[in-house]
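>>> Predicted structure and sequence below. I'll ask about it afterward.
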Amino acid sequence: MRLLLVTAGTRGDVDPFVVLARRALRAGHEVRLVVPDNSGVDTSDIDVSSLGVDYTQLIKQQGVSIGAALRSYRSVVRPVMHGVLIESAKAALEYSPDVLVAHPKILSAPLVAEALGIPFVWVEMVPVLTPTLAFPAAGTISRNLGPLNRYTYRAAAGSAAMFRRDLAEVAKLVGNRGGRSAPPAATLMPISPAVLQRPPDWPATVHLTGPWRPPAEGVLPDHVADFIAGGDFVYAGFGSMAAGDPVARARAVVGGIRRTGARSLIAAGLGGLSVPPEVLDDDVLVTDSVAHDLVLPLAGAAVHHGGIGTVQAALAAGTVSVIVPFIADQPFWGARVHERGLGPTPIRQRALTSGRLAAALSRVGEYRPAARRAARAMAAEDGPGTAVGILETLNR
């Protein structure tokens, strides 16, 4: 079976697709992966095509502010999205896959699949496309609206309407004269049931497969390993969340961890945290990034922004998360983690203080037994294998 996997976004959007590609290759399938440039993910053993966009550079230039995105819609967002839609369509035409597997940002996938006469599969990294009464769409509002929750899923359709001219260009490119869109043959969610309980009103074609995470391998750099060996520490990292004041945020984080008597392992990321010199001491180590699978099992707690990749990495390690959500789906995951008794109440990014963080960290022990139970459940999951098995049923 020839699989075309297409994703868009930063490292958290690329890593799972790389894991899925490798598992499909091991199962004997042909795979081409279409990804953004400079994601930071090793794809050396995979047939890769460029999406023609560098999200990492985009974030460095304008951060992750919703306001900045709106202000730059015509000059930046629209041209980037146009390139994503066109390049992903060209990749499908060139490769002629049997099945198209796409990230929700690839709005052109239904048009392309219809034109090629092949099944396509959404990879719903977070619940934004499949309506349910159980909870609102991730990235919309945090409050449960009960019967009105289903209406929040119309936001995804609204985003498609913003790019209708670009989608019309895609339809013309692939020969879809009627502009018809194929329905998804399946929806895969690389999410563990330990994090998200499957709503009863989801259709049978929607699958919670468990996370698509690479196996833990490699060794820690000597300076990180030496720091960890020095005693209790808390990991803190906000990834690509370049918003607000990263210096003030770092002061609050290090100050809050110090109040608990622990040391701070800080991952600066793409601007989420910037530790000023006056805060540094022997109890603080700052690095650009760390391998979560190697660090989190050893950490007393993990302070992070609540992206689903970090949430699941911490839970798989049995480590309690203190979530400081910024934007998009992060408040959603913070709410899910707290509702399931896996971590304390999230601290809004703008409300983060050393006192609030210290108070949350002081309660980590209450949630550790539940986090460890979740880790045991996740250890039995084979997300990539489950996903490949589902894809294999679509080409029979």
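Sure, I can see it. Numbers count the residues shown, from 1 in each chain.
>>> Going along the chain from the helix or strand of the chain with the lowest mean pLDDT, find the next helix or strand for me.
The helix or strand of the chain with the poorest confidence is helix 66-71; it has a mean of 50 (mean pLDDT, DSSP states H and E). Later in the chain than helix 66-71, the nearest helix or strand by DSSP states H and E is helix 78-95.
>>> That next one: which residues count as buried?
For helix 78-95, the neighbour count (16 or more other Cβ atoms under 10 Å) marks 80-82, 84-92, 95 as buried. (C-beta placed from N, C-alpha, C; glycine too.)
>>> Including pLDDT and distance to V121, could these go into a markdown table?
Shown next, in a markdown table, are those (pLDDT from 0 to 100; distance: Cβ to Cβ, whole Å):
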| residue | pLDDT | distance to V121 |
| --- | --- | --- |
| V80 | 83 | 24 |
| M81 | 88 | 21 |
| H82 | 88 | 24 |
| V84 | 91 | 18 |
| L85 | 93 | 18 |
| I86 | 93 | 21 |
| E87 | 94 | 19 |
| S88 | 95 | 14 |
| A89 | 95 | 17 |
| K90 | 96 | 20 |
| A91 | 96 | 16 |
| A92 | 96 | 13 |
| Y95 | 96 | 15 |
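>>> Throw these into JSON lines and include distance to F233, thanks.
Listed next are the buried residues of helix 78-95 as JSON lines, based on distance: Cβ to Cβ, whole Å:
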{"residue": "V80", "distance to F233": "38"}
{"residue": "M81", "distance to F233": "41"}
{"residue": "H82", "distance to F233": "45"}
{"residue": "V84", "distance to F233": "39"}
{"residue": "L85", "distance to F233": "44"}
{"residue": "I86", "distance to F233": "46"}
{"residue": "E87", "distance to F233": "42"}
{"residue": "S88", "distance to F233": "42"}
{"residue": "A89", "distance to F233": "47"}
{"residue": "K90", "distance to F233": "47"}
{"residue": "A91", "distance to F233": "43"}
{"residue": "A92", "distance to F233": "46"}
{"residue": "Y95", "distance to F233": "46"}
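>>> Which of these sits closest to V275?
V80 (31.1 Å; Cβ to Cβ).
>>> Nearest spatial neighbour of that closest one, chain-adjacent residues omitted?
Nearest residue to V80 in three dimensions, chain neighbours excluded: V53, at 5.4 Å (Cβ to Cβ, 6 or more residues apart in numbering).
>>> Check which helix or strand that neighbour maps to.
Using DSSP H and E, V53 is not contained in any helix or strand.
>>> Out of the buried residues of helix 78-95, which comes closest to A252?
Comparing those against A252 with Cβ to Cβ picks out V80 as the nearest, at 32.6 Å.
>>> what's the neighbour count on G40?
By other Cβ atoms under 10 Å, 11 other residues sit near G40.
>>> For it, give its distance to I347.
Distance of G40 to I347, given as Cβ to Cβ, to the nearest Å: 27 Å.
>>> Can you classify R213 as helix, strand or coil?
coil (DSSP: H, G, I helix; E, B strand; the rest coil).
>>> Just to check, it is in contact with A316?
Yes: applying Cβ atoms under 8 Å, one finds R213 in contact with A316, separated by 7.0 Å.
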